[in-house]
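A.B. asks: here is the input, now give the coordinates:
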Amino acid sequence: MKRSDSETNLDYSGNPVYNFLASVLKSILYSSVFISVCAFGLTIETYLLAELPVSVPMALFVFLATLFTYNLSSIQSVVLRKQVKHDPDSWWYRHQKPMAIVGLASIVLATIVYFYFGLRLNIWFVLHLAIISIGYTIPVMIGNKQVKPLRRVPLLKVFLIAYVWAMVTGLFPLMDAGVYVLDSQAMELFLRRFLFILALALLFDIRDYTYDRHTNTLTVPGLIGVNYTKLLSLCLLLIYSFIVIVTETGSTEMALLIAAVVAAIVVWFSSELKPRVYFLLLADGAMLLHAALVYFIKV
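C.D. replies: Residues are numbered from 1 along each chain as shown. Got it, this is the predicted structure:
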């Protein structure tokens, strides 16, 4: 029997269970907990790919550091009493104080984890990444002149994101395990991680295309257009897949290639008109799938 329009176009907005689950999902995504879980997973994945004992404290440190970094805007707005232009009806605007608390608590806990478990990271290595991460969001004062944050530097944003993520989730675990990070295998892992993250990071430039044009921030889509940016992202995933085929074998190779295919599908269907949750759940989720596939074949 053919269903009526009222039956096929179901509206769950009045369902309290649906509303509760939607609220929980928004909180996990918009508070940057989900992206931090992705960083946790990729850190665990690095140990498994390198066939090293997994260090949960290191993965926890990366999780907390990521949570702090992604909530810097809230900290800037609340702690520094810096008014950041934002839609007053948005989730972020309504929850910026709790997120500032979460961000500050995260960096305190990350510091405790670092020293309590004696994580072995080169302090200068950590420092330059911290400077990039903080400078990405918060403008720097040089004398009486304010220098714009790094995310406003033309074309730089996505490369900084990919670089920091590849360093933190790819080389931090190796460094803590005592592996020489300039070794060829370590560099191969770093390059693969960089290419994969860069391909996904480009999607967020597509999402912010109109906003970046409004703020006169030149991004890759602003330079070559949205369609060519998607093509560039797919090319990066293709190069990533080629390196995987050359450097991996068996089930590990298959898992990483599946992750690349899923990421390519997310790229293919992405557009500026997609809802914010598409990018937060699927684009970021491709990283978590990447880690989960390796975990299930290795453990």
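A.B. asks: A helix includes Tyr180, no?
C.D. replies: No: the assignment for Tyr180 by DSSP: H, G, I helix; E, B strand; the rest coil gives coil, which leaves it out of any helix.
A.B. asks: tell me who's in contact with it.
C.D. replies: Taking CB atoms under 8 Å, 6 or more residues apart in numbering as the criterion, Tyr180 is in contact with Ala186. In short, each C-beta sits where N, CA and C put it, glycine included.
A.B. asks: how about Arg213?
C.D. replies: Counting by CB under 8 Å, 6+ apart, Arg213 has contacts Gly222.
A.B. asks: next one: whatever helix or strand it lives in to chain centre, how far?
C.D. replies: For Arg213, the enclosing helix or strand under DSSP states H and E is helix 209-214. Helix 209-214 has its C-alpha centroid displaced from the chain centroid by 20 Å (CA atoms, centre = their mean, to the nearest Å).
A.B. asks: for the protein, which helix is longest?
C.D. replies: If you go by DSSP state H, the chain has its longest helix at helix 184-207.
A.B. asks: only the buried residues of that helix, if you could.
C.D. replies: 186, 189-207 (16 or more other CB atoms under 10 Å).
A.B. asks: quick one: the helices in the stretch 1-150 of the chain, in order.
C.D. replies: Along the stretch 1-150 of the chain, counting by DSSP state H, counting those that start in this stretch, helices occupy 5-8, 16-30, 33-49, 56-70, 72-78, 91-94, 96-116, 123-137.
A.B. asks: ditto for the stretch 151-299 of the chain
C.D. replies: Going by DSSP H, counting those that start in this stretch, the stretch 151-299 of the chain shows helices at 157-166, 172-176, 184-207, 209-214, 220-224, 226-247, 250-268, 276-277, 285-298.
A.B. asks: for those helices, which one sits closest to Ala59?
C.D. replies: helix 172-176 (7.8 Å; CB to CB).
A.B. asks: show me what the closest one is packed against.
C.D. replies: helix 33-49, helix 56-70 (3 or more CB pairs under 8 Å, 6 or more residues apart in numbering; DSSP states H and E).
A.B. asks: let's go with 6 Å and repeat that
C.D. replies: Counting contacts by 3 or more CB pairs under 6 Å, 6 or more residues apart in numbering; DSSP states H and E, helix 172-176 packs against helix 33-49.
A.B. asks: got the contact list for the helix it packs on?
C.D. replies: 28, 54, 59, 62-63, 66-67, 70, 169-170, 173, 284, 287-288, 291, 294, 298 (CB atoms under 6 Å, 6 or more residues apart in numbering).
A.B. asks: quickly, which of the helices of the stretch 151-299 of the chain bottoms out on average pLDDT?
C.D. replies: Of all the helices of the stretch 151-299 of the chain, helix 209-214 carries the lowest average pLDDT, namely a mean of 84.
A.B. asks: check the offset of stretch 175-190 from the chain's centre.
C.D. replies: On CA atoms, centre = their mean, the centre of stretch 175-190 falls 21 Å from that of its chain.
A.B. asks: then stretch 152-165?
C.D. replies: The answer for stretch 152-165 is 12 Å, by CA atoms, centre = their mean.
A.B. asks: list the buried residues for stretch 284-298?
C.D. replies: 284-294, 298.
A.B. asks: how much space between the one residue sitting closest to the centre of the chain and Lys97?
C.D. replies: Centroid-nearest residue in the chain: Ile35, 5.4 Å away (criterion: CA atoms, centre = their mean). Computed as CB to CB, to the nearest Å, the Ile35 to Lys97 distance reads 20 Å.
A.B. asks: follow-up on the earlier one: what's the pLDDT at the residue nearest to the centre of the chain?
C.D. replies: 96.
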